[in-house]
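Undergrad: what would the 3D arrangement of this be:
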Amino acid sequence: MWDYGEAEAIMAISGDPDMTAIFPRSTPYPQPPHHLTTPDRIMKKAQPEAHFAMPTARARVATEQRPACCASFTCQRCPADAKFTANNGLMPTFGDERVTVALQSKALRYEGAGNSIGALVFEHAGKPYRVTGDLFVLGANAIQSPAILQRSSMGGGLTGKGLHESLGAHVEVLLDGMNGFDGSTITTGLNFGLYDGGHRSEYGAALVYFENRWTHGLRAEKGRWRQSVPLMIVTEDLLEDRNHVTVDGKGEAVVTFVAPSDYAERGQVEAFAKLPRLLEPLPVEDIVFRSRRPTESHLQGTLRMGEDPATSVIDSRMIHHRWRNLVVVGSSAFPTCSCANPSLTVAALSLRAAAMV
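TA: Prediction:
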């Protein structure tokens with residue numbers, strides 16, 4: 001899919017060329033892979049078809065806009081500015097004279113008639129403004145995007161339903177005589193050993209992320225501080241209507257999230273049970289379940305894509321089934337949930353949608 005290659009070029013993705021073994025590519029990754037940790041290197045040698053350097057938008061080598069990742073594990077604020085952001089990657093777009101950016105503004109509602117939207121009403125500094133156009137793009141997030149449509153009396157059907165994200169857990173692997181934490185970015189390895197197979201008819205696929213940050217602290221034993229590997233187990237989830245977004249009487253978004261699906265929960269249980277075999281190449285002393293991750297930070301599915309208006313909200317071109325001049329982008333369009341980070345797919349689908357308009 002050429003859109004992935006274009007998105008990777010814009011974001012300067014670092015990736016492992018060996019991943020072509022499971023994911024064929026039309027273009028090479030723009031950046032070389034990050035340095036693996038010692039446990040990652042052992043795993044990759046033993047499982048070359050399943051263990052790879054983690055693809056990431058954290059620069060492995062400096063670009064014209066971004067320095068290389070400093071591996072200081074403070075990615076939320078990235079002191080080196082190595083992680084792709086709109087500020088360091090898309091500023092030429094904002095500088096285009098045809099672009100106006102309205103910061104600190106809130107989209108209130110669309111106005112439409114027939115099968116077309118004619119205007120957007122938004123609020124800035126306490127005052128309402130109305131802008132008209134021939135084409136509108138909705139890309140807030142999986143909570144606010146359906147809420148905007150519902151405030152506009154453009155909801156109904158599956159609008160707002162199916163709110164979900166992948167399900168994650170923290171695990172720590174204690175090692176006997178092997179040091180970790182010697183990689184070049186925050187997450188260095190990605191293992192597909194528990195991903196695909198016939199089990200997916202019964203429980204969710206799992207990806208195992210090998211971390212290069214001391215999520216659970218360093219070990220307390222003298223001389224063994226670095227003898228551990230933090231893992232994240234992330235499983236796919238199902239879209240369930242019981243998890244949904246509505247609006248209240250004031251038009252504010254209301255989230256109802258009952259629980260992840262049993263399918264995702266079973267995937268977590270099975271993945272943890274299979275870790276000892278998966279990790280056989282390493283000198284494992286113990287495998288400790290640490291905690292459920294509170295969120296994977298990528299909400300999805302509330303304006304799902306599909307060809308049938310009865311089972312989806314937008315079509316394969318990302319256009320709303322009824323409102324034919326409304327393009328919906330972002331992870332709210334996802335009709336299924338992978339256990340991989342969705343950011344690159346969001347970017348690729350947005351580029352595809354723009355090319356098809």
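Undergrad: make it CA atoms for all contacts and neighbour counts henceforth
TA: Will do.
Undergrad: hey, which helix or strand in the protein has the poorest pLDDT?
TA: Every helix and strand of the chain was ranked by mean pLDDT, DSSP states H and E. The lowest is helix 91-94, at a mean of 87.
Undergrad: strand partners of whichever helix or strand comes after that helix, parallel vs antiparallel please.
TA: Toward the C-terminal end, the helix or strand that comes next after helix 91-94 (DSSP states H and E) is strand 105-113. Here strand 105-113 is paired, per DSSP bridges, with strand 116-124 (antiparallel).
Undergrad: check which residues of the strand it pairs with are buried.
TA: 116, 117, 118, 119, 120, 121, 122, 123 (16 or more other Cα atoms under 10 Å).
Undergrad: relative to residue 152, how far out is the last one?
TA: Just to be clear, that refers to residue 123. In this view, residue 123 and residue 152 are 14 Å apart by Cα to Cα, to the nearest Å.
Undergrad: now the third one
TA: Residue 118 sits 12 Å away from residue 152, going by Cα to Cα.
Undergrad: kindly report the same for the fourth one.
TA: Distance check for residue 119 against residue 152: by Cα to Cα, it reads 11 Å.
Undergrad: the second one too?
TA: Here residue 117 is placed at a distance of 10 Å from residue 152 (Cα to Cα).
Undergrad: can you pull out the helices in this structure?
TA: Along the chain, the segments classed as helices by DSSP state H run 2-11, 38-46, 86-89, 91-94, 144-151, 262-278, 343-356.
Undergrad: out of these, which is the most enclosed?
TA: Each of the helices of the chain was scored by mean neighbour count; the highest is helix 144-151, a mean of 24, by mean count of other Cα atoms under 10 Å.
Undergrad: ok, residues contacting the least confident helix or strand of the chain?
TA: With Cα atoms under 8 Å, 6 or more residues apart in numbering as the test, helix 91-94 has contacts from 99, 100, 101.
Undergrad: give me the common contacts of residue 119 and residue 152.
TA: Joint contacts of residue 119 and residue 152 (Cα under 8 Å, 6+ apart) are 110, 111.
Undergrad: so where is this structure shaky, pLDDT-wise?
TA: 1-2 (pLDDT under 70).
Undergrad: one more time with 90
TA: By pLDDT under 90, the low-scoring segments of the chain are 1-3, 64-65, 70-78, 86-87, 89-95, 357.
Undergrad: apart from its neighbours in sequence, what residue is nearest residue 174?
TA: Counting by Cα to Cα, 6 or more residues apart in numbering, residue 228 is the residue found nearest to residue 174 once chain neighbours are left out, at 4.4 Å.
Undergrad: hang on, the one you found packs against residue 172?
TA: Yes: using Cα atoms under 8 Å, residue 228 is in contact with residue 172, at 6.9 Å.
Undergrad: hmm, back to that, anything in contact with each of residue 118 and residue 152?
TA: 110, 111.
Undergrad: what residues do residue 117 and residue 152 have in common as contacts?
TA: Both residue 117 and residue 152 are in contact with 110, 111, where contact means Cα under 8 Å, 6+ apart.
Undergrad: how much space is there between residue 139 and residue 177?
TA: Residue 139 is 49 Å from residue 177, by Cα to Cα.
Undergrad: with neighbour numbers in mind, choose between the two.
TA: Taking neighbours as other Cα atoms under 10 Å, residue 139 and residue 177 compare with residue 139 leading, 17 against 13.
Undergrad: got the contact list for residue 203?
TA: Residue 203 neighbours (Cα under 8 Å, 6+ apart): 262, 263, 264, 265, 266, 267.
Undergrad: out of those residues, which two sit at the greatest distance?
TA: Using Cα to Cα, the contacts of residue 203 span at most 8.4 Å, a distance reached by 262 and 267.
Undergrad: mind listing what residue 165 touches?
TA: 236, 237, 295, 296, 297, 298, 299, 300, 337.
Undergrad: contacting residues for residue 300?
TA: Counted by Cα under 8 Å, 6+ apart, residue 300 has contacts 141, 142, 162, 163, 164, 165, 331, 332, 333, 334, 337.
Undergrad: count the residues that sit near the spatially closest residue to residue 226 that is not a sequence neighbour.
TA: Excluding the flanking residues, the one nearest residue 226 by Cα to Cα, 6+ apart is residue 179, at 4.9 Å. A count of nearby residues for residue 179, using other Cα under 10 Å, gives 18.
Undergrad: for residue 179, give its distance to residue 259.
TA: 37 Å.
Undergrad: quick revisit: could the buried residues of strand 116-124 go into CSV alongside distance to residue 74?
TA: Output for those, formatted as CSV (distance: Cα to Cα, whole Å):
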residue, distance to residue 74
116, 45
117, 43
118, 44
119, 42
120, 38
121, 38
122, 35
123, 35
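Undergrad: where's the residue lying closest to residue 159 once chain neighbours are set aside relative to residue 202, distance?
TA: In this structure, residue 159 finds its nearest non-sequential neighbour in residue 303, 5.6 Å apart by Cα to Cα, 6+ apart. Computed as Cα to Cα, the residue 303 to residue 202 distance reads 26 Å.
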